[in-house]
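Enquirer: Have a look; sequence and predicted model below, questions after that.
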Protein chains: 2
Amino acid sequence: MTSWKENIYFVLVEPKESGNIGSSARAIKNMGFKNLILINPAPLTDEAYWMAWASKDILEKAEVYKELDNALKDKAVVVGTTRRRGSKRGAILDVRDGVKRIYEISQDNRVAILFGREDKGLFNKEVEKCGYLMTIPTSELQPSLNLAQAVLIVAYELMRCEEIKDFHMQRQFYVDQQELNKFYERFFSVLKKIGYIPDNPDLEKRIINNFRHLFGRTALTFWELRLLHGICTHIEEKLKD
Amino acid sequence: MTSWKENIYFVLVEPKESGNIGSSARAIKNMGFKNLILINPAPLTDEAYWMAWASKDILEKAEVYKELDNALKDKAVVVGTTRRRGSKRGAILDVRDGVKRIYEISQDNRVAILFGREDKGLFNKEVEKCGYLMTIPTSELQPSLNLAQAVLIVAYELMRCEEIKDFHMQRQFYVDQQELNKFYERFFSVLKKIGYIPDNPDLEKRIINNFRHLFGRTALTFWELRLLHGICTHIEEKLKD
């Protein structure tokens, strides 16, 4: 784990549903974070531990406070999340922009991200402690994310600030244009041999371009290129018969 | 609601937990989508409706099928989601890249996005139906997202595609799975005739799957399908000589 992630604190303010606390713990760990702070939470029931699944350690290490201020003392920046837009609460950043600042600041400083109550969100006195607010864009038809969903998306967006080098994404290598051109040359000569490409330069060019588009759009793996060469070989052999 | 969103179908394959189905419905609606398809789902209990919250309409309108194929017939492209990386399943795209293609294609074509079982994910036979796979990067410490969380992030990333204004959108209509399957049948029979497909069921299946991946990933236009049928015709005629 990189150190900036250890500077991020997810703060749930008076969460009422134990299951939400567990799901939030899971979301935090899914994205490689580990600090959960609970302000006056509902008692942690079995459901919280069940929803946390393989993230019980996050729950067990969570700091619990009665007063939000006590949780914020050693944090450099406090960022709030809100579902309300166009409110008089000052600048509200799109989460995708908001996390960028958190990412920068957290390189060397502790940052608290506040999530409000399931029903009432953050109170004004809590919003006032925030350097800025972020919101997650949602559909007008059903704008309300549940608490753990909001935590997940903020954690996800924050994790994505870092280049993917931490993650073992499967690297996919495609053949380069040189290999591709060699294949095209051979493929088109086979198409001519089977009489598929007509004796008309314009039409020929058009058909060739169509296939260049098809394979060019796809990007071929080396294995796929071998398969296609194999087909050419078999057609050529049949033509010899 | 914009029409491209109506071309997106979130397909849960044999979801076992009713609550997950409800949470997924909510996530879909949160991000402005509305099509949910369930393949052999667990019975929808009160928990599903409770978790769906203000998204009961999505649950109520969900299409339910016994066979995945029946759900895919009229979809131009099928995309799978997987948590497995480094597998032999072919190209796996980061969700952030994968949704871009879905966004483009869904402007004029129906796209199915498959989500596997909570415990076992998608089976190989289901993966084989996919043009490509996407994965959501997560921490190695707790890589496993729950089903509804995965649906949320895919829906969220897809919704976010729309804001990218400098997207070079070109309208394109692709053939659906039914047409594609007809072509595959013909193509593979030609490959057999030219001796390309060996007399070994395992190898045959593997080769066929490779081609399904290649063309499935690309999404074929009607014109390209005609070109490919044309090649088959010419090979068949040559074989008659």
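Expert: Received, thanks. Numbering: from 1, shown residues only, chains lettered A, B, ... in the order given.
Enquirer: how is chain A carved up into domains?
Expert: A:3-166, A:177-240 (automatic domain parsing).
Enquirer: Where among the ones you listed is average confidence lowest?
Expert: Lowest mean pLDDT of the domains of chain A: domain A:177-240, a mean of 86.
Enquirer: What's the local residue count around residue A:162?
Expert: By the criterion of other CB atoms under 10 Å in any protein chain shown, residue A:162 has 14 neighbours. For every residue, glycine as well, the C-beta is placed using N, CA and C.
Enquirer: quick one on the thing from earlier: so of the domains of chain A, which one's packed in deepest?
Expert: domain A:3-166 (a mean of 19; mean count of other CB atoms under 10 Å in any protein chain shown).
Enquirer: quick one: that one near chain B?
Expert: Yes. Counting by CB under 8 Å from any CB of the partner chain, chain B is contacted by domain A:3-166 at A:23, A:26-27, A:29-32, A:53-55, A:96, A:136-139, A:141-146, A:149, A:152-153, A:156, A:159-160, A:164.
Enquirer: quick one: which helix or strand includes the residue most central in space within chain A?
Expert: The residue lying closest to the centre of chain A (CA atoms, centre = their mean) is residue A:156, at 5.0 Å. Here residue A:156 sits within helix A:147-159, counting by DSSP states H and E.
Enquirer: Show me what that helix is packed up against.
Expert: strand A:8-13, helix A:18-30, helix A:95-106, strand A:111-115, helix B:18-30, helix B:147-161 (3 or more CB pairs under 8 Å, 6 or more residues apart in numbering or on different chains; DSSP states H and E).
Enquirer: Give the pairing partners of the shortest one; include direction for each.
Expert: If I follow you right, that is strand A:111-115. strand A:8-13 (parallel), strand A:77-81 (parallel) (DSSP bridges).
Enquirer: can you give me the angle it makes with helix A:95-106?
Expert: Orientation of strand A:111-115 against helix A:95-106 (axes from the mean of the first three to the mean of the last three CA atoms, to 10 degrees) gives an angle of 150 degrees.
Enquirer: Residues in contact with strand A:111-115: which ones?
Expert: A:7-13, A:15, A:24, A:37, A:68, A:71-72, A:75-81, A:102, A:105, A:122, A:126, A:129-130, A:147, A:150-151, A:154 (CB atoms under 8 Å, 6 or more residues apart in numbering or on different chains).
Enquirer: Next: the third one.
Expert: Judged by CB under 8 Å, 6+ apart, the contacts made with helix A:95-106 from elsewhere in the structure are A:4-5, A:7-8, A:76-77, A:79, A:81, A:93, A:111, A:113, A:132-137, A:153-154, A:157-158, A:160-162, B:160.
Enquirer: Compute the inter-axis angle for that helix and helix A:147-159.
Expert: 60 degrees.
Enquirer: again, but for the shortest one
Expert: Orientation note: strand A:111-115 sits at an angle of 150 degrees relative to helix A:147-159 (the same axes, to 10 degrees).
Enquirer: Need phi/psi at residue A:65.
Expert: phi -130, psi 150 (degrees, to the nearest 10).
Enquirer: Which residue, other than its chain neighbours, is closest to it?
Expert: Nearest non-adjacent residue to residue A:65, counting by CB to CB, 6 or more residues apart in numbering or on different chains: residue A:71, 4.6 Å away.
Enquirer: Pull the contacting residues for the one you found.
Expert: Contacts here follow CB under 8 Å, 6+ apart; on that basis residue A:71 touches A:9, A:11, A:37, A:39, A:63, A:65, A:112.
Enquirer: how about a cut-off of 10 Å?
Expert: Residues counted as contacts of residue A:71 (CB atoms under 10 Å, 6 or more residues apart in numbering or on different chains) are A:9, A:11, A:13, A:37-39, A:63-65, A:78, A:112, A:114.
Enquirer: Residue A:25 is in contact with residue A:41, correct?
Expert: No. The criterion here is CB atoms under 10 Å, and residue A:41 misses it with residue A:25 at 11.4 Å.
Enquirer: joint contacts of the two?
Expert: By CB under 10 Å, 6+ apart, the residues touching both residue A:41 and residue A:25 are A:12, A:48, A:62.
Enquirer: mind listing the strands in chain A by residue range?
Expert: Secondary structure of chain A (DSSP state E): strands located at A:8-13, A:35-39, A:63-65, A:77-81, A:92-94, A:111-115, A:132-135.
Enquirer: Appreciated, that's everything.
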